[in-house]
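In: The following block contains a protein sequence and its predicted model.
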Protein chains: 2
Amino acid sequence: MLLKNLTPYRTARDIVFKELDKLVEDKIELTPIYEASNRIAAEDIFSPEDLPMFNRSAMDGYGVIAEDTFGASETNPVILDLLEDPNTAVRRGQCVKLSTGMAIPKGVDGVVMKEYCIEGEGFVEVRRGIRPYENISKIGEDIKRGDLVLKRGEVITPYHIGILSSLGIKYVKTYNLSVGIVATGDELVDLEDVSSIEELKKKRYIVNSNTPMFYALTGELGFTPKMYKSVRDNREEIEEVLLKAIEENDVVVTTGGTSVGDRDYTLEVVKDIGEVIIHGVKIRPGKPFGFGRCSLGEKETLLYMLSGYPVAAVVQWELFFRGYFRSRRSIYLPLKRGVPSTAGRTDVVRVKLVSENRRTYVEPLRIRGSGVLSSLKDGDGYILVEEDIEGYEKGDYVKVYLF
Amino acid sequence: MLLKNLTPYRTARDIVFKELDKLVEDKIELTPIYEASNRIAAEDIFSPEDLPMFNRSAMDGYGVIAEDTFGASETNPVILDLLEDPNTAVRRGQCVKLSTGMAIPKGVDGVVMKEYCIEGEGFVEVRRGIRPYENISKIGEDIKRGDLVLKRGEVITPYHIGILSSLGIKYVKTYNLSVGIVATGDELVDLEDVSSIEELKKKRYIVNSNTPMFYALTGELGFTPKMYKSVRDNREEIEEVLLKAIEENDVVVTTGGTSVGDRDYTLEVVKDIGEVIIHGVKIRPGKPFGFGRCSLGEKETLLYMLSGYPVAAVVQWELFFRGYFRSRRSIYLPLKRGVPSTAGRTDVVRVKLVSENRRTYVEPLRIRGSGVLSSLKDGDGYILVEEDIEGYEKGDYVKVYLF
């Protein structure tokens, strides 16, 4: 039996993303700003105020009326009266001492850096002229009231945290999904059950590396992973673990047993307890991607049935899960070598960026198998050779999605 | 008083990095592989084994002797005896059923995908010929014994975790530093003490955004941040908090009060209790960068005295701290607009990448002030215009360090 009715990549993506749209609607947490870094914003935040909120001194120095300093120099300094209270309104011939960040008092329209002044008893000798508003951070210079400072769906960076806290914002809504991870396969042994490499070789076991890897991939998105012990290729066992994982999570990721044949128990079970929406996509690697949903009680859970091969599974996760929450930065760069491809299928080609003589090129990684994790570890990103394209030639500019 | 004896950027970097070399030597933790994602490796790991550890089937199908299938087709199938036990040695005319990932038994040198076979009672009709070793993942195909699978200093990704767990490796050595964060400034109010924006505007307070931002920046590196309440510009208060922070941390980051003049208490205190190694670097923004060390008892702590302006502080952190632990990915791309600069100073210019007609260009962000966090939030990276270069022209290829 062949995998028939393969769904084109873009169609599959649309179907999956629509389901995610519904799922995430209420998966929202109020997160203290300190803990929000690297999480995904679940709200737009418009600035409630200008930043700075008032004109501030950009330097340590003396607040003056700029006109008073015109023409001042080392050989021809200007003498200004120094007011004691830095909050006093300043008139012609007067100045106040200001530290960086302090509010600019009335009248002041410029700050002379202290390096260019000599302070005496009650007066200041100004040795350099300034332009109006020199060394003043103007109200709204950084952010204007009403500016969008955080966009729903954006990954929150330390810089957002800087801006939000400047605005006195203490909490931000973020998405959180619990993701259950279930690896299947008779050949698997879980990492915690490995006693020695000799045993692995002797018993011909393969360590279940997908579960720790997807645990990390989930955490990377700021979501909450939940691991389950790996399961044999046995319908009853798979059903039992799947039901538990579905009940306990918003999304369940399974790996293994999604191709066709005797071991497709995961798909069989999901067909019985829920719905398989997609099985098989025109991509490579990752063709046997399965996607479904299941409602136990009120709650709906989405099911990602991924390949057992780590790289195929990562590609499926990248295109159909991670891609929804975090789009990769993309840039166009020329190819160092051609990339052949077959029309009618979207190829996901891992690439390395190489720089020579101040130019950066894209080098497709030669892949020996879809199990080859080193192509991800050593890669800088990937290119998509979409269905309607029969590959690229050396020198062609391609869009690289950066890891 | 001007900041004199500015240290050139590359010299300052060398000095700081040498101190970090010494500091990190014993800041090593044994981390369970599950928790190692995004942390920095403190050891080289060479693969103790080949991966796969034995020849495995790359497909669900039938293990055969490839030669037996030569010339097989739908119209001219080959009939092979099906052995019951998949671990039996296979001879000419025989085959075994294999699932993906299963060890290849003796004699077998190829796997025919099940799609091209019809299984009968004790025999299999093979309808496609295969080449020797087709559909077999060969021993060592992914990783060879002795390959460096994780390099000291590398950021551990989910893909490393996949590889390490495949090898049965359960723990990895990572670096962890505790970083104390102390903001100084009379104008500051801590986020938790903000009651309303109206109050901020009325009292002319500025929210201490540096502490939450550096908390996040520290966490981003997998290190342990520790926050302190912000401190007034008062020598005694600063000394008290600094002593505590130095005692409790491997690194202390202060912000504010590093320029010159009345408020440089941080530098004064560090001079008294330890040593100021650098004060002032030929960079922009970030010129007043201060760096020192202090030993209380056995333990040495490094001090990063950063600017009060968030962007200057971030640049200092980026060049002198983050840069040690995580080098940014860099690519060469052409400038969309010239970048003027002054020789004798290294300019750190924030840039955006813009793509038009399948080409990507570097657009320098027009910056209005060094307090402008939006230049970081909206930026894709930065370029360094080093001391000996007087800027770049439109079309020049520049090295972009990507955020």
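Out: Nice, I can see it. Residues are numbered from 1 along each chain as shown, chains lettered A, B, ... in the order given.

In: can you pull out the strands in the stretch 51-200 of chain A?
Out: Ranges of strands in the stretch 51-200 of chain A, per DSSP state E, counting those that start in this stretch, are A:56-57, A:61-64, A:78-82, A:94-98, A:110-113, A:117-119, A:123-126, A:136-137, A:148-150, A:171-175, A:178-183, A:188-189.

In: Buried deepest among the ones you listed, which one?
Out: Ranked by mean neighbour count, these are led by strand A:61-64 with a mean of 28 (mean count of other Cβ atoms under 10 Å in any protein chain shown). C-betas here are computed from N, CA, C, even on glycine.

In: helices or strands up against that strand?
Out: strand A:78-82, strand A:94-98, strand A:110-113, strand A:123-126 (3 or more Cβ pairs under 8 Å, 6 or more residues apart in numbering or on different chains; DSSP states H and E).

In: Get me the contact residues on the stretch 201-350 of chain A for chain B.
Out: Neighbours of chain B within the stretch 201-350 of chain A, by Cβ under 8 Å from any Cβ of the partner chain: A:201, A:204, A:206-210, A:212-217, A:219-220, A:227, A:233, A:259-263, A:308-310, A:314, A:329-333.

In: Buried among the residues you listed? Make that a PyMOL selection.
Out: The following PyMOL line selects those of these that are buried, judged by 16 or more other Cβ atoms under 10 Å in any protein chain shown:
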select buried, chain A and resi 204+206+207+208+209+210+212+213+214+215+216+217+219+220+227+233+259+260+261+263+308+309+310+314+330+331+332+333
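
In: Please flag which of the residues of the stretch 201-350 of chain A next to chain B sit within strands.
Out: Among these, the members falling in strands are A:206-207, A:227, A:330-333 (criterion: DSSP state E).

In: Now for the residue nearest to residue A:130 when sequence neighbours are not counted: which residues touch it?
Out: Nearest residue to residue A:130, sequence neighbours excluded (Cβ to Cβ, 6 or more residues apart in numbering or on different chains): residue A:110, at 4.5 Å. Taking Cβ atoms under 8 Å, 6 or more residues apart in numbering or on different chains, we find residue A:110 in contact with A:63-66, A:69, A:130-136.

In: what number of residues lie near residue A:354?
Out: Residues lying near residue A:354 (other Cβ atoms under 10 Å in any protein chain shown) number 14.

In: is it fair to say it lies in a helix?
Out: No. Secondary structure of residue A:354 (DSSP: H, G, I helix; E, B strand; the rest coil): strand, not part of a helix.

In: I figured it was touching residue A:361, is that so?
Out: Yes. With contacts counted by Cβ atoms under 8 Å, residue A:354 reaches residue A:361, the gap being 5.4 Å.

In: Stretch A:386-402 and chain B, are they touching?
Out: Yes. Interface with chain B: stretch A:386-402 contributes A:397, A:399, A:402 (Cβ under 8 Å from any Cβ).

In: Which single one of those is nearest to residue B:253?
Out: Nearest to residue B:253 among the residues of stretch A:386-402 next to chain B, counting by Cβ to Cβ, is residue A:402 at 28.9 Å.

In: Who's the closest spatial neighbour of that closest one, skipping the chain neighbours?
Out: In this structure, residue A:402 finds its nearest non-sequential neighbour in residue A:381, 4.2 Å apart by Cβ to Cβ, 6+ apart.

In: re earlier: and the ones in strands among the residues of the stretch 201-350 of chain A next to chain B as JSON lines, adding pLDDT?
Out: Shown next, in JSON lines, are those (pLDDT from 0 to 100):
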{"residue": "A:206", "pLDDT": "92"}
{"residue": "A:207", "pLDDT": "95"}
{"residue": "A:227", "pLDDT": "98"}
{"residue": "A:330", "pLDDT": "96"}
{"residue": "A:331", "pLDDT": "97"}
{"residue": "A:332", "pLDDT": "98"}
{"residue": "A:333", "pLDDT": "98"}
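
In: Just send the helices and strands packed on strand A:61-64 back as CSV, with mean pLDDT too.
Out: Formatted as CSV, the helices and strands packed on strand A:61-64 follow (pLDDT from 0 to 100):
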stretch, mean pLDDT
strand A:78-82, 97
strand A:94-98, 95
strand A:110-113, 95
strand A:123-126, 97
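
In: Just send these back as JSON lines, with distance to residue B:122 too.
Out: JSON lines is the format used below for those (distance: least, Cβ to Cβ, whole Å):
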{"stretch": "strand A:78-82", "distance to residue B:122": "106"}
{"stretch": "strand A:94-98", "distance to residue B:122": "95"}
{"stretch": "strand A:110-113", "distance to residue B:122": "94"}
{"stretch": "strand A:123-126", "distance to residue B:122": "104"}
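
In: coming back round to it: overlap of the contact sets of residue A:354 and residue A:361?
Out: Shared contacts of residue A:354 and residue A:361 (Cβ under 8 Å, 6+ apart): residue A:336.

In: quick one: residue A:366 from residue A:337, how far?
Out: Distance of residue A:366 to residue A:337, given as Cβ to Cβ, to the nearest Å: 9 Å.

In: if we can go back for a sec, for the helices and strands packed on strand A:61-64, which one sits closest to residue A:169?
Out: That would be strand A:94-98 among the helices and strands packed on strand A:61-64, by Cβ to Cβ, at 27.6 Å.

In: What is that closest one packed up against?
Out: The contact analysis (3+ Cβ pairs under 8 Å, 6+ apart) places strand A:94-98 against strand A:61-64, strand A:78-82.

In: wait, isn't residue A:319 in contact with residue A:14?
Out: No. Counting by Cβ under 8 Å, residue A:319 sits too far from residue A:14 to count as a contact (11.9 Å).

In: Show me which of those two is the more surrounded one.
Out: Here residue A:319 and residue A:14 are set side by side on neighbour count (other Cβ under 10 Å), and the busier one is residue A:319, at 23 against 11.

In: what residues are up against the more buried one?
Out: So residue A:319 contacts A:9, A:13, A:283, A:286, A:348 (Cβ under 8 Å, 6+ apart).

In: What sits closest to the first one if chain neighbours are left out?
Out: Nearest residue to residue A:9 in three dimensions, chain neighbours excluded: residue A:346, at 4.1 Å (Cβ to Cβ, 6+ apart).

In: Can you list the low-confidence ranges for chain A?
Out: Within chain A, the segments meeting pLDDT under 70 span A:1-3, A:257-263, A:367-371.

In: any idea which helix is longest in it?
Out: Secondary structure assigned by DSSP state H gives helix A:9-24 as the longest helix of chain A.

In: helices or strands up against that helix?
Out: Applying 3+ Cβ pairs under 8 Å, 6+ apart, one finds that helix A:9-24 makes contact with strand A:275-279, strand A:290-296, strand A:299-306, helix A:323-325.

In: The residue nearest to residue A:176 when sequence neighbours are not counted in helix, strand or coil?
Out: Leaving aside its sequence neighbours, residue A:176 sits nearest to residue A:29 (Cβ to Cβ, 6+ apart; 4.9 Å). Secondary structure for residue A:29, judged by three-state DSSP, is strand.
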